[in-house]
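# model the following, please.
(2 chains)
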Amino acid sequence: AQSVTQLGSHVSVSEGALVLLRCNYSSSVPPYLFWYVQYPNQGLQLLLKYTSAATLVKGINGFEAEFKKSETSFHLTKPSAHMRDAAEYFCAVTFTGGGNKLTFGTGTQLKVEL
Amino acid sequence: DTGVSQNPRHKITKRGQNVTFRCDPISEHNRLYWYRQTLGQGPEFLTYFQNEAQLEKSRLLSDRFSAERPKGSFSTLEIQRTEQGDSAMYLCASSLDIGYTFGSGTRLTVV
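Numbering: from 1, shown residues only, chains lettered A, B, ... in the order given. Model prediction:
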């Protein structure tokens, strides 16, 4: 079975500050990992994905994430937060042969303050 | 590529009524997925299709739920005899490879 744990259901940062959203995964086989963003009353938009190529993955809107097998982590970062980054962020995992079925974490609500 | 389209965006229904949602995937995507998302939670897998074949159904999908994808194009999700616990956002996604494109969802409120 596979799962992801997102530490911190709410994260608050100042505009211009570093954003760090944490995700740890559990998988008995090599995982594929994803970060999605969701704005209120919207579907989910893919930010970035790790599919066993480079461990440092760059995504849209200046976000990036690093796959660390030794720490079973896939934390999402952005050097400088912007007000428009305020949203809910979901980490998700799947694996080869899993039918591309995603297992999501419970989400982290990011608040950006002036 | 017009993205994944879901209709309706919002649905309010009385308990016990039947409802049907539609999803139009990205045309070249052969896989289509349905997820349910309740407040404060991540999406939970319900079912998926590869072309017209329904390959997997979650145990969350009780016998009141049925999904179809005739001819491997659009899909419908029907809930019969709705209950208040069915109130949620129903998300559709499609894919050709690893990772999905999601639609904007249908928010169901059962009163």
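
# residue in chain A nearest to chain B?
Of all residues in chain A, the one sitting closest to chain B is residue A:104 (3.2 Å; CB to the nearest CB). From N, CA and C alone the C-beta is placed, and that goes for glycine too.

# tally of neighbours for that residue?
Applying other CB atoms under 10 Å in any protein chain shown, we find 22 residues neighbouring residue A:104.

# same thing with residue A:37?
20.

# what is the residue nearest in space to the middle of chain B paired to in the beta sheet?
Nearest to the geometric centre of chain B sits residue B:34, at 3.7 Å (CA atoms, centre = their mean). Beta-bridge pairing for residue B:34 (DSSP bridges): residue B:47, residue B:92.

# wait, what's in contact with residue 2?
Assuming you mean chain A. By CB atoms under 8 Å, 6 or more residues apart in numbering or on different chains, the contact set of residue A:2 is A:25-28, A:31, A:93-95, A:98, A:103.

# wrong chain, I was asking about chain B
Residue B:2 is in contact with residue B:26, counting by CB under 8 Å, 6+ apart.

# now chain B against chain A: closest residue?
Counting by CB to the nearest CB, chain B gets nearest chain A through residue B:42, at 3.2 Å.

# contacts only, for that residue.
Residue B:42 neighbours (CB under 8 Å, 6+ apart): A:90, A:92, A:104-107.

# only whichever of these are buried, select them in PyMOL.
Here is the PyMOL command that selects the buried residues among the contacts of residue B:42 (16 or more other CB atoms under 10 Å in any protein chain shown):
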select buried, chain A and resi 90+92+104+105+107
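
# would you list the contacts of residue B:42 in a markdown table and tack on pLDDT?
Converted to a markdown table, the contacts of residue B:42 look like this (pLDDT from 0 to 100):
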| residue | pLDDT |
| --- | --- |
| A:90 | 97 |
| A:92 | 96 |
| A:104 | 95 |
| A:105 | 96 |
| A:106 | 95 |
| A:107 | 96 |
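
# for residue B:1, give me the pLDDT.
Looking at residue B:1, its pLDDT stands at 52.

# any low-confidence regions in chain B?
B:1 (pLDDT under 70).

# residue boundaries of the strands in it?
Ranges of strands in chain B, per DSSP state E, are B:5-7, B:10-13, B:19-24, B:31-37, B:44-50, B:53-57, B:65-68, B:75-79, B:88-95, B:101-102, B:106-110.

# closest to residue A:81 out of those strands?
Within those, the stretch nearest residue A:81 is strand B:101-102; the backing value is 23.8 Å (CB to CB).

# roughly how far is the closest one from the heart of the chain?
12 Å (CA atoms, centre = their mean, to the nearest Å).
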